[in-house]
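Chemist: Sequence first, predicted model second:
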Amino acid sequence: MNKLSIITINYNDRSGLEKTIESVINQTYKNFQYVVIDGGSTDGSKEVLDRYKDRLDVAISEKDSGIYNAMNKGASYANGEYMLFLNSGDVLYDNTTLEKLSIESFRDDIICGRILIYSEKDNFITYPPEHISLFTFIGGSLPHPSSFIKRNLFEKIGGYKEEYRIISDWCFFVEALLIHRCSYLTIINVVSKFNRFGISSTMGYTEEDMKKDFLISLFGNIVNDYIPVKDEALSNCMYWISAQSGIWGKLLRLPFKVLNRALKLRNRLKRRIGMDLVN
């Protein structure tokens, strides 16, 4: 991987900030830029920055207007071909994470690896989707702590939308992958560990209406065909059944055709031209 800029933002999370910094500066691979943006914390985070300032390329502690303002500020100092946003409390998977990636010659606009999600109760690894569609972002997103974003793509889209409090990374991926149709690659490497008690993971469900409004602003009424089947089990079954061919596929679809006809769903849902039998 060509030179990388890692960006960490922090506000009043002294212990999380120190964990994140330690995970970055202790990497066996050193050809990267490290930018840390603190929002004028009052909990001792500034002292943490002072203690590590000789190991940081950019270290700023000043008031900002929110999470994405801080992330955009960090991006403005980036000089690497790719950027990785690793916020306070999140850490790289181990000390050889970047070294393992450095031997690859990546060219895609967004490269997404796996991530270990942890909490006090459990830990699990999530896998990024290999195939991106609108369904990817109905109730889901890509994990930004394990996503490497080309800096020129980030600048082209205009960075993160600061008017949104906690969904702007989701908005960015929607625009980048669905509107701009940028290139995308998944890798098997576990890149980072993500703290489930971060603000976006504990408060994200309060933003569902805002996400829907954002999608409608981009895609119009087509979104209404996706929202009702956002349930993963339902959408997976629909995709699988529709992909089956031959007699097997016809048999699988037959019960749904019978149900559709018996309940007169075409007329009831009013999404297609209605039909009634007449004598």
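Modeler: Okay, I see it.
Chemist: Give me the neighbour count for residue 189.
Modeler: 15 (other CB atoms under 10 Å). For glycine as for every other residue, the C-beta is placed from the backbone atoms N, C-alpha and C.
Chemist: hang on, I meant residue 272
Modeler: 9.
Chemist: helix, strand or coil for the closest residue to it other than its chain neighbours?
Modeler: Leaving aside its sequence neighbours, residue 272 sits nearest to residue 266 (CB to CB, 6 or more residues apart in numbering; 5.3 Å). For residue 266, the assignment made with DSSP: H, G, I helix; E, B strand; the rest coil gives helix.
Chemist: Report the beta-bridge partner residues of residue 82.
Modeler: residue 4, residue 150 (DSSP bridges).
Chemist: could you list every residue that touches it?
Modeler: Contacts for residue 82 were tallied using CB atoms under 8 Å, 6 or more residues apart in numbering; they are 1, 2, 3, 4, 5, 106, 111, 148, 149, 150, 151.
Chemist: Next one: the nearest residue to residue 185 once chain neighbours are set aside from residue 125, what distance?
Modeler: Closest residue to residue 185 apart from its sequence neighbours, by CB to CB, 6+ apart: residue 108 at 4.1 Å. Residue 108 sits 22 Å away from residue 125 when distances are taken as CB to CB, to the nearest Å.
Chemist: For those two, indicate the residue with more neighbours.
Modeler: Neighbour count, other CB under 10 Å: between residue 108 and residue 125, residue 108 has more, with 16 against 11.
Chemist: elements contacting the helix or strand containing residue 190?
Modeler: Using DSSP states H and E, residue 190 sits in strand 184-195. Counting contacts by 3 or more CB pairs under 8 Å, 6 or more residues apart in numbering; DSSP states H and E, strand 184-195 packs against strand 91-92, helix 97-102, strand 110-118.
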